[in-house]
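Asker: Quick one, what's the 3D model for this:
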Amino acid sequence: MTTRLLFVLIFAGLCFGCEKTEENGVDTITLPVKKHFIAGQFIGDSLVSNCFIPVKEVKGYRKGDDLNYTYLDSVLFDVNSDGINDIKFRYYEELVTYNCPPPSNPDVVGDCFPVFSKIGAIELLSNVEIAYNVIDYPIRVTQAQKFVQGDTISNHTLWTKEKIQMIGNVQSTTPFNSWSIDDYLSFVGIRMINRSDTLYGWIRVNTAYNSKFLISDYAVRVK
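Answerer: Residues are numbered from 1 along each chain as shown. Purely as a prediction, here's the structure:
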């Protein structure tokens, strides 16, 4: 009971400034205009924010048994509350165990091993862009850039409109994958470009050692 209460108190502290004043939990706050955004802060001009209690978990239910199973799940977000879905978080995990005959020579190790796959991705659905970086090991790939509390999200980073961006991947244990930890102070940087301005925002995401998505809250300017 004590541990559960402590978790509730910690999470409530993470969602500072996020007050649900409408049935859908969306809050609009008018503050001075800025051309950047700070990860984890609820400060901005006509800010739309949403805080999820409990957090949104994206993993799904296991289908199969201990030797052969899949997890498949996704969740949609309309981050600027305009009635159009902007982002989809997608999670996929699979274990396949092959029923192979034993090797003819018992002294030789066979090459029939279980195959394990685990992929987390963000799909861009509208005019939203995502901050990304490049990983050169073991192969050159791009993935969503990880921001930490207090980082500045602005045009001084790499941005992409590519439909799919990885956030965690099959090579989840390499030191080059900054998402392969358990951390509630990790943020995805997003921006939305309209005719007159570029509007920045963030989404707080924990990958729980690349085992799922835990989405706590988000904030983005709408004008």
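
Asker: list the contacts for Gly201?
Answerer: If you count contacts by C-beta atoms under 8 Å, 6 or more residues apart in numbering, Gly201 has them with Phe37, Val79, Ile153, Gly189, Ile190, Arg191, Met192, Tyr218, Ala219, Val220, Arg221. For the C-beta atoms, the positions are set from N, CA and C on the backbone; glycine is no exception.

Asker: I figured Ala208 hits Asp182, correct?
Answerer: Yes: at 5.2 Å, Ala208 and Asp182 qualify as touching, with contact defined as C-beta atoms under 8 Å.

Asker: Which one's more surrounded, these two?
Answerer: Ala208 (17 against 12; other C-beta atoms under 10 Å).

Asker: show me the contacts for the more buried one.
Answerer: Ala208 sits next to Asp182, Leu214 when contact means C-beta under 8 Å, 6+ apart.

Asker: Then Ala131?
Answerer: Per C-beta under 8 Å, 6+ apart, neighbours of Ala131: Ala144, Gln145, Phe147, Ile153, Thr157, Leu158, Trp159, Val188, Gly189, Ile190, Arg191.

Asker: That one: helix or strand, and which one exactly?
Answerer: Here Ala131 sits within strand 128-135, counting by DSSP states H and E.

Asker: Within its sheet, name the partner strands of that strand and how each one runs.
Answerer: Strand 128-135 pairs in its sheet with strand 141-144 (antiparallel), strand 158-160 (antiparallel), strand 186-193 (antiparallel), by DSSP bridges.

Asker: Save these as TSV, and put in mean pLDDT too.
Answerer: Shown next, in TSV, are the strands paired with strand 128-135 (pLDDT from 0 to 100):
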stretch	mean pLDDT
strand 141-144	83
strand 158-160	93
strand 186-193	92
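
Asker: just those strands: most buried one?
Answerer: Among the strands paired with strand 128-135, strand 186-193 has the highest mean neighbour count (mean count of other C-beta atoms under 10 Å), at a mean of 24.

Asker: Would you mark the buried spots in the helix or strand following that one?
Answerer: Downstream of strand 186-193, the first helix or strand assigned by DSSP H and E is strand 198-206. Neighbour counts over strand 198-206 (16 or more other C-beta atoms under 10 Å) mark Leu199, Tyr200, Gly201, Trp202, Ile203, Arg204, Val205, Asn206 as buried.

Asker: From Leu72, how far out is the closest residue to the third one other than its chain neighbours?
Answerer: Meaning Gly201. In space, Gly201 comes closest to Val220 once its chain neighbours are excluded; the distance is 2.7 Å by C-beta to C-beta, 6 or more residues apart in numbering. For Val220, the distance to Leu72 (C-beta to C-beta, to the nearest Å) stands at 27 Å.

Asker: rewinding a little: ok, the residue nearest to Gly201 touching Phe77?
Answerer: No: using C-beta under 8 Å, Val220 is not in contact with Phe77, being 9.9 Å away.

Asker: Of those two, which one has the most company?
Answerer: Taking neighbours as other C-beta under 10 Å, Val220 and Phe77 compare with Val220 leading, 25 against 20.

Asker: give me the element the more buried one is part of.
Answerer: strand 213-221.

Asker: can you tell me which residues contact Lys212?
Answerer: Glu57, Val58, Lys59, Tyr91.

Asker: Can you say which two of these are spatially most distant?
Answerer: Using C-beta to C-beta, the two most remote members of the contacts of Lys212 are Glu57 and Tyr91, lying 9.4 Å apart.

Asker: Quickly list what's touching both of those two.
Answerer: Contacts common to Glu57 and Tyr91, judged by C-beta under 8 Å, 6+ apart, are Lys212, Phe213.
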